[in-house]
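> Turn this into a model:
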Amino acid sequence: MVRKIVTIPNHILRSKSKRIGFVDDSIKKLADDMVETILNWDHDSEFGAALAAIQIAEPLKLTVVRNSFETGEDKTFTTLINPEVIKISRETVVDIEGCLSVPGVYGRVRRALKIKVKALDANNQPIRLSAEGFAARVIQHEIDHMDGVIFLDHVTDAKDLFHIDKAGHLRPLKGDKPKLP
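Sure, this is the predicted structure:
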């Protein structure tokens, strides 16, 4: 079932998500709904990389992350339940981020280049994974959501904000930083 994506300035995006005690059918259904919601959102030159449960007004530590970020053609996702960063590189990198809850706005954000994460998978099994580059960025972004943090919180200079024009190119965002909850 496609769910409604919560957008700023909705205050629920500032909520801290709760740990999931056990992965039952309701959690698996929620993860399936989140994947369906992302795939329904994909359009034109944009596709969703991931979605945290809080973005559909479910304050649970759950995210689904696309398995490939090259194009929107790969429609497979990895479910991460109660994800925690257990190791983070000192090396950081600045890159452009967007968010399904902040439609039309992109910003330069500094993130760790590499991370190691532990979580549960959709079968309630513990997993550990290493991520680097854009994958590491996406997971850090989703874990931020679970702590009530929006990527715009990391953008301190308005010149680091952008929008996408009709041709799919990033252009400087005119005006003030979008209103945050």
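
> rest of the way, CA atoms for contacts and neighbours
OK.

> how about the residue positioned nearest the centre of the chain, phi and psi?
Computing the C-alpha centroid of the chain and ranking residues by CA atoms, centre = their mean puts Glu142 first, at 3.8 Å. Dihedral angles of Glu142 (phi, psi; degrees, to the nearest 10) stand at phi -70, psi -40.

> Tell me how far it lies from Lys166.
27 Å (CA to CA, to the nearest Å).

> before we move on, what about Ile86?
40 Å.

> More neighbours: which of the two?
Between Ile86 and Lys166, counted using other CA atoms under 10 Å, Ile86 has the larger neighbour count: 12 against 9.

> Show the contacting residues for the more buried one.
With contacts taken as CA atoms under 8 Å, 6 or more residues apart in numbering, Ile86 has the following neighbours: 115-118.

> can you pull the contacts of the residue nearest to Asp147 when sequence neighbours are not counted?
Nearest in space to Asp147, with sequence neighbours left out and distances taken as CA to CA, 6 or more residues apart in numbering, is Lys16 at 4.7 Å. By CA under 8 Å, 6+ apart, the contact list for Lys16 reads 59, 145-148.

> Then Asp153?
Asp153 neighbours (CA under 8 Å, 6+ apart): none.

> Same question for Ile12.
Taking CA under 8 Å, 6+ apart as the test, what Ile12 contacts is 54, 57.

> if we can go back for a sec, tabulate the contacts of Ile86 in TSV, adding columns for distance to Phe22, neighbour count and secondary structure.
Conversion of those to TSV gives the following (distance: CA to CA, whole Å; neighbours: other CA atoms under 10 Å; DSSP: H, G, I helix; E, B strand; the rest coil):
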residue	distance to Phe22	neighbour count	secondary structure
Ile115	25	23	strand
Lys116	22	16	strand
Val117	19	20	strand
Lys118	16	18	strand
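
> Which of those residues sits closest to Arg171?
For these, the minimum distance to Arg171 (CA to CA) is 30.0 Å, reached by Ile115.

> Tell me what the closest one is bridged to.
When assigned by DSSP bridges, Ile115 has beta-bridge partners Ile88, Ala131.

> Let me know the secondary structure of Gly148.
Classification of Gly148 by DSSP: H, G, I helix; E, B strand; the rest coil places it in coil.

> which stretches of the protein form helices?
Per DSSP state H, the chain has helices spanning 25-41, 134-146. These are given in chain order.

> Which strands or helices does the shortest one pack on?
For helix 134-146, the elements it packs on are strand 50-52, strand 62-66, strand 102-112, judged by 3 or more CA pairs under 8 Å, 6 or more residues apart in numbering; DSSP states H and E.
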